[in-house]
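Student: turn this into a structure:
(one chain, ligands or ions: 1)
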Amino acid sequence: MQIRFTKMQGAGNDFVVLDETQGRLGLSSAQYRYLANRHFGVGADQILTVRPAPAEGVDFEYVIHNADGGEVEQCGNGARCFARYVHDKGLTDKRVIRVHTLAGVIAPELHADGRVTVDMGAPQLDPAKVPFIAEGLQPQMQGNAQKWPLALDESAQPATVWVAPVSMGNPHAVQVVEDVDRAPVEAQGPLIEHHVRFPQRVNAGFMQIINRAEVKLRVYERGAGETLACGTGACAAVVAGIGWGLLDARVDVHTRGGLLTIEWAGGAQDRVRMTGPAEFVFEGQIDIPETL
Ligand SMILES: N[C@@H](CCC[C@H](N)C(=O)O)C(=O)O
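Tutor: The predicted structure is shown next:
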């Protein structure tokens, strides 16, 4: 089966974008995995699919698969690339686009310089809704927000880490580290991702505070491993940092792949805004085995 694709990246978080506005490709989870494979396929952290609007009041449907083939609710860097794709490919002439995702409606806005700001919606901090199983644990209060002890495998240093469970439509566990470049992302990432207290698995964020308006961040992503940047991870980290009283309402997040700016007024109903780059890389055609 031969399909056309576009490769894009947002702060180094890379995507294969598929256009299903003229009909479904009907890919299996193994075929998404094949596309994402960096040796046999195109290579990507996520596969983004553009579909026609499923309802009144939105312009498109945005479907996201992780590199492991699983469908997920939200992807922030992908949302910026999605908006740039539908605009630059002539699928819409709107510069503010309303997009349906599994996590609700988001609204990317294209700027003249090529960057995109996305209204990512309000964060969810109720542990049960992340979902995070908090039963039997004693949280610590810091500022206006809680942090929860997460016991990791004994081989992990430290054996217990303190995290904020935050949902940006998808689940995140954010912890503060002293030096992000020396943080045990590879060792702790998989343990946090698969921790029994996160029944839908989780994206693990490691945030170093530089000052009240600047952080460094690495994220070990659910279903993709460490990526050069994670947009929803940046939103979740800033929400946690503001809740803990460590950050102001506008924060520059330095990732290994580029800069994301996150804004949040701090109220439960306040929506998070994310601004960052969205770039085309190349286009092509690939043969995908029918049976995988
Ligand atoms: N890279 C993304 C997040 C993609 C989904 C995530 N791995 C999950 O499983 O929730 C972003 O930029 O937000």
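
Student: check whether stretch 76-94 contacts the ligand.
Tutor: Yes - shown here: stretch 76-94 in contact with the ligand (Cβ under 6 Å from any ligand atom) through 76-78. No exception for glycine: its C-beta is placed from N, CA and C like everyone else's.

Student: in helices only, show me those residues.
Tutor: Taking DSSP state H as the definition of helices, the residues of stretch 76-94 next to the ligand contribute 76-78.

Student: tell me the secondary structure for Gln31?
Tutor: helix (DSSP: H, G, I helix; E, B strand; the rest coil).

Student: next: Cys235.
Tutor: helix.

Student: before we move on, what about the one 5 residues further on?
Tutor: Secondary structure, three-state DSSP: Ala240 is helix.

Student: Val166 now?
Tutor: Three-state assignment for Val166 (three-state DSSP): strand.

Student: burial check on it, number of neighbours?
Tutor: 30 (other Cβ atoms under 10 Å).

Student: do the same with the one 3 residues further on
Tutor: By the criterion of other Cβ under 10 Å, Gly169 has 21 neighbours.

Student: with Asp119 instead?
Tutor: Neighbours around Asp119, by other Cβ under 10 Å: 17.

Student: what sits against it?
Tutor: Applying Cβ atoms under 8 Å, 6 or more residues apart in numbering, we find Asp119 in contact with 106-109, 271-273.

Student: how far does stretch 9-18 sit from the chain's center?
Tutor: 11 Å (Cα atoms, centre = their mean, to the nearest Å).

Student: how about it and the ligand, touching?
Tutor: Yes - Stretch 9-18 reaches the ligand (Cβ under 6 Å from any ligand atom) through Asn13.

Student: gap between the nearest residue to Gly57 once chain neighbours are set aside and Ala265?
Tutor: Closest residue to Gly57 apart from its sequence neighbours, by Cβ to Cβ, 6 or more residues apart in numbering: Arg98 at 6.7 Å. Counting by Cβ to Cβ, to the nearest Å, the gap from Arg98 to Ala265 is 22 Å.

Student: picking up where we left off before, neighbour count and pLDDT added to the residues of stretch 76-94 next to the ligand, as TSV?
Tutor: Below are the residues of stretch 76-94 next to the ligand laid out as TSV (neighbours: other Cβ atoms under 10 Å; pLDDT from 0 to 100):
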residue	neighbour count	pLDDT
Gly76	29	98
Asn77	36	98
Gly78	30	98
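
Student: tell me which of the residues you listed is nearest to Asn203?
Tutor: Here the nearest of these to Asn203, counting by Cβ to Cβ, is Gly76; it sits at 10.8 Å.

Student: doesn't Thr232 make contact with the closest one?
Tutor: Yes - at 4.3 Å, Gly76 and Thr232 qualify as touching, with contact defined as Cβ atoms under 8 Å.

Student: which residues are common contacts for those two?
Tutor: Counting by Cβ under 8 Å, 6+ apart, the residues touching both Gly76 and Thr232 are 120, 168.

Student: is it true that Gln200 touches Gly169?
Tutor: No - under the criterion of Cβ under 8 Å, Gln200 makes no contact with Gly169, lying 11.7 Å away.

Student: show me which residues of the protein are close to the ligand?
Tutor: So the chain meets the ligand at 13, 45-46, 66, 72, 75-78, 170, 203, 221-224, 227, 230-232 (Cβ under 6 Å from any ligand atom).

Student: one more pass at 5 Å, please.
Tutor: Residues of the chain lying close to the ligand by Cβ under 5 Å from any ligand atom are 13, 72, 75-77, 170, 221-223, 230-232.

Student: keep only those of those residues that are in helices.
Tutor: 76-77, 231-232.

Student: closest to Gln124 out of these?
Tutor: After measuring those against Gln124 - Cβ to Cβ - the closest member comes out as Thr232, at 11.6 Å.

Student: what residues are up against the closest one?
Tutor: 74-76, 120, 168-170, 172, 203 are the contacts of Thr232 under Cβ under 8 Å, 6+ apart.

Student: and the helices in the protein?
Tutor: Counting by DSSP H, the chain has helices at residues 29-36, 76-88, 185-193, 231-243.

Student: what's the mean pLDDT across the shortest one?
Tutor: If I follow you right, that is helix 29-36. For helix 29-36, mean pLDDT rounds to 98.

Student: which other helices and strands contact it?
Tutor: Helix 29-36 makes packing contacts with strand 46-52, strand 60-66 when contacts are defined by 3 or more Cβ pairs under 8 Å, 6 or more residues apart in numbering; DSSP states H and E.
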